[in-house]
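*Asks:* Sharing a model prediction with you, sequence too.
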Amino acid sequence: MERNVALVTGADSGIGRELARVLAERGFDVLGASERDYDLSTPDGVEALHASLDRPVDVLALNAGVSEGGEFAAGDLHSQLELIDLNVRGTVHLAGLILPEMVARRSGRVLLTSSMVAIMPGPFQATYNASKSFIQSFGLALREELRPHGVSVTVLMPGPTATGIFARAGQLDTRLGASSHKADPAEVADQAVDALFAGRERVVAACAPLRVATFVSGWLPDVVKARLNAFVTRPGEVQPPTRDRVED
């Protein structure tokens, strides 16, 4: 018998690589879509990935994403638009191709990687926070739409995690990027897959203090949340580490 199939985007590093590992350990044939193989920020890349699938997808982990640090008005507009193309448009495009197939079979599980920052405005990473807010809202809306069709949707909201996202975003000179208090991506993936198969609405994968902070921040005015975010994401506040400790 063929094993069930899991498709994980952004599977070449970080949380995506760990999601692929955990799903493989749980008996799935894992198709890992990496940026080396498919550029999911482009329609052609998404269509090529979908066309390469020769078996039904039972678990879809929409995880691919990037960040971009610094002031929006002083930054590279092309990079900001590429972020939106990957984090938002590419996610919606691939979901739009695979979800109808799950609905037709009346089975499937979907994991969308949002972030704890989805609940707050993000100075110095404005498009990233906005993209993760979109993913959270999109995922929770899909969960309700797909529930009668036998398809379950879970939103993953990790806290700061030891991956290469901060280096790639040019954020190693921020309090957030330089902090050593980041989650292990393997632990995040374990929590995410547990929540996925339990059919949970969402999972905040972070240490207990950060989970509490996320709950409390829901009661704060947006202006306060924006200033708190700016405190940890403002460039040039710390000396960047001499090497990228972990994070791939």
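*Replies:* Perfect, thanks for sending it. Numbers count the residues shown, from 1 in each chain.
*Asks:* Can you pull out the low-pLDDT segments for the protein?
*Replies:* Scanning the chain for pLDDT under 70 picks out 1, 207-216, 241-248.
*Asks:* Just give me the longest helix of it.
*Replies:* helix 126-146 (DSSP state H).
*Asks:* Can you name every helix or strand that it contacts?
*Replies:* On a contact count with 3 or more CB pairs under 8 Å, 6 or more residues apart in numbering; DSSP states H and E, helix 126-146 meets helix 77-84, helix 91-105, strand 108-113, strand 151-158, strand 202-205. From N, CA and C alone the C-beta is placed, and that goes for glycine too.
*Asks:* Show me which positions of that helix end up buried.
*Replies:* 126-136, 138-140, 142-143, 146 (16 or more other CB atoms under 10 Å).
*Asks:* Tell me where the chain has strands.
*Replies:* 5-9, 29-33, 59-62, 108-113, 151-158, 202-205 (DSSP state E).
*Asks:* what's the longest one in contact with?
*Replies:* By CB atoms under 8 Å, 6 or more residues apart in numbering, the list of residues contacting strand 151-158 from outside reads 15, 63, 99, 102-103, 106-116, 118, 135-136, 139-140, 142-143, 146, 183, 188, 192, 195-196, 199-206, 214.
*Asks:* quick one: it to chain centroid distance?
*Replies:* 10 Å (CA atoms, centre = their mean, to the nearest Å).
*Asks:* what pairs with that strand, and is each one parallel or antiparallel?
*Replies:* strand 108-113 (parallel), strand 202-205 (parallel) (DSSP bridges).
*Asks:* cool, the first one as well?
*Replies:* Partner strands and pairing direction for strand 5-9 (DSSP bridges) are strand 29-33 (parallel), strand 59-62 (parallel).
*Asks:* starting at the chain centroid, how far to the first one?
*Replies:* Which is strand 29-33. Distance, stretch centre to chain centre, for strand 29-33: 17 Å (CA atoms, centre = their mean).
*Asks:* coming back round to it: if you compare the strands paired with strand 5-9, which one is most tucked away?
*Replies:* strand 59-62 (a mean of 27; mean count of other CB atoms under 10 Å).
*Asks:* what residues does it touch?
*Replies:* By CB under 8 Å, 6+ apart, the list of residues contacting strand 59-62 reads 4-9, 16, 19, 23, 28, 91, 94-95, 98-99, 102, 108-113, 135, 196.
*Asks:* Which among those count as buried?
*Replies:* 4-9, 16, 19, 23, 28, 91, 94-95, 98-99, 102, 108-113, 135, 196.
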